[in-house]
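Colleague: Mind folding the following:
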Amino acid sequence: MESLRTAAPPTSADAGPYRPISALAVAALIVGVITALTLLGFGIAAAVTRRPFLNWFVLLMAFVALGVSIAAKVQIARSQGTRAGAKIAAAALFLSLILALGYLSYWFAMDFAIRKQSQEIAEKWMQFLVNDEPERAFRLTRDPGLQKSMSEDPDSIRRRFGSTDYGVFSRSDLPRLLHSWKNRMDLSFEGVHSWDVTPQGYKAELNFLLRFPEGLYPTRVTALGSDDPDTGNRVWQIVFQETGVRQQERQWTTLGKLIIELQHHTYKQLHDWQMKFVAAGAKAVEPLIRLEGKVPPDDVRSKIAEEIVQPGALNIIPGGPTRPLGYAQLIVTDNSVEITSVLEATLPSVGKELNTGLTQRVKGDALIKEMLRLAGPDWRQQPINTEQVAVLKPYQFELETVDINIRPSLPKPGPRTVTAEGPAALPPASP
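Modeller: Numbers count the residues shown, from 1 in each chain. Have a look, this model is predicted:
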């Protein structure tokens, strides 16, 4: 009978000692699950809205879960069997590791794509300006939806936007600078300054360094990318209002300072020039008249000459004294220095408020020789001039009027655009 007797159940005294579950392991698993649910929710939202979910706090949560999981594993290993929860800690470690590395990889992939794409569009835009294709550069400043309906044909763009936004664009610093130094400039990409996700898309700020014979011009270009709802492709535009030369960081060579002082001198002498021009009379100014860059027929030229010397026909400060156009455009050719000021003409036979270019040639052998030398083949070797002295003062020179070019096809003169870097003011007076 004794053999049929069953063994008594073990008492609590016979069981192993109680081992509390590691609180760190539980906390790591909870943080990991919350992070996973957060990523899942925002991932679904990102897929629906086609917008990436990039948040440093979520990434921090994943790494916190990873750190707590590692701490739990270490705690359990050192507890000499007094702590339970090794499997929970292992699961939390695996989950947090997958989340942290996966989200970090996604972040780096997105960062690489945004930087690469924004650099490509910014360099393309700058190259259009370098190639003297301002119309195509202007096209890239339009909303991507509008870009689709725009032809790349320069004449078409000027006809459509010439009297509005393109006129403002063409008078801005970068188009003017790159036009002045078509074949004498170096352009280097200095990297992506920063990028961020905004309600409009992906906004990236990129740094470039432009070197001309007149000096160094650090430049910021802002690009905005968004996903096309029709194709899913990412499309970009240049945010021109947030693009421009970083005015406070410009550095000039001696040639650059000569140009600035000549621009200022040209601006100051416009009033005297106008008085002499009007006093000379129609017959004297008739040889100077150009219409769209060409000599018009004799009867047309005579009529324009008679009208342009009338009181009020020429406005030498379009935009008014408080909002002037800014710099006249100075171009150093292979054998001369010419400077063009934008005026405004109202002529009954042609039209009102017409864009008019006054081109003057600098006369002065010593000055011309020095400027041609500084802008010559060795222009890259010219150092930055940091001296606070007037460089134009030693030279004797005068301005000779070359022509008065009436340009009805160009937009009405108006104030230049104000970029994020601020408008370039008129050149300072010489010391």
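Colleague: any chance you could map the strands in the stretch 51-200 of the chain?
Modeller: Along the stretch 51-200 of the chain, counting by DSSP state E, counting those that start in this stretch, strands occupy 186-198.
Colleague: now Leu210, what's its secondary structure?
Modeller: Classification of Leu210 using DSSP: H, G, I helix; E, B strand; the rest coil returns strand.
Colleague: Hmm, Arg184 and it touching each other?
Modeller: No - between Leu210 and Arg184 there is no contact, the gap being 11.3 Å when judged by Cβ atoms under 8 Å. Any C-beta I mention is one placed from the backbone N, CA and C, and that applies to glycine too.
Colleague: any residues in contact with both of the two?
Modeller: Both Leu210 and Arg184 lack any common contacting residue under the criterion Cβ atoms under 8 Å, 6 or more residues apart in numbering.
Colleague: which of these two has more neighbours?
Modeller: Between Leu210 and Arg184, counted using other Cβ atoms under 10 Å, the more crowded position is Leu210 (22 against 16).
Colleague: mind checking how far the more buried one is from Leu59?
Modeller: In this view, Leu210 and Leu59 are 37 Å apart by Cβ to Cβ, to the nearest Å.
Colleague: okay, now Leu37: neighbour count?
Modeller: By the criterion of other Cβ under 10 Å, Leu37 has 10 neighbours.
Colleague: Make sure I have this right: it is in a helix.
Modeller: Yes - inclusion of Leu37 in a helix is indicated when three-state DSSP is applied.
Colleague: Offset the numbering so it begins at 708, please.
Modeller: Right, with 708 as the first residue, what we last looked at is Leu744.
Colleague: mind checking pLDDT for it?
Modeller: For Leu744, the model assigns a pLDDT of 82.
Colleague: Low-confidence bits of this structure, can you list those?
Modeller: Applying pLDDT under 70 to the chain flags residues 708-725, 752-759, 870, 1027-1033, 1121-1138.
Colleague: Walk me through the domains of it.
Modeller: Structural domains annotated on the chain: 730-819, 836-957, 960-1114, as defined by automatic domain parsing.
Colleague: Can you add distance to Ala829 and give these back as JSON lines?
Modeller: Conversion of those to JSON lines gives the following (distance: least, Cβ to Cβ, whole Å):
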{"stretch": "domain 730-819", "distance to Ala829": "16"}
{"stretch": "domain 836-957", "distance to Ala829": "4"}
{"stretch": "domain 960-1114", "distance to Ala829": "24"}
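Colleague: Would you tell me which of those gets closest to Glu827?
Modeller: Between Glu827 and the domains of the chain, the tightest spacing by Cβ to Cβ is seen for domain 836-957, at 8.2 Å.
Colleague: Show me where the protein has its helices.
Modeller: Per DSSP state H, the chain carries helices over the ranges 730-756, 763-785, 793-837, 841-846, 851-856, 861-868, 872-877, 880-887, 961-975, 977-987, 989-992, 1005-1015, 1072-1081.
Colleague: Share the number of residues neighbouring the residue lying closest to Ile864 once chain neighbours are set aside, please.
Modeller: Spatial nearest neighbour of Ile864, chain neighbours left out: Glu842 (4.2 Å); criterion: Cβ to Cβ, 6 or more residues apart in numbering. For Glu842, the count of nearby residues is 21 (other Cβ under 10 Å).
Colleague: Check whether Glu842 really touches Pro861, as I assumed.
Modeller: Yes - with contacts counted by Cβ under 8 Å, Glu842 reaches Pro861, the gap being 3.9 Å.
Colleague: so what's Arg843 up against?
Modeller: Listed by Cβ under 8 Å, 6+ apart, the contact set of Arg843 reads 835, 859, 861, 864.
Colleague: ok, how many other residues are close to Asn838?
Modeller: The burial metric for Asn838, expressed as a neighbour count using other Cβ under 10 Å, is 12.
Colleague: what does Trp902 give?
Modeller: Considering only other Cβ under 10 Å, Trp902 is surrounded by 19 other residues.
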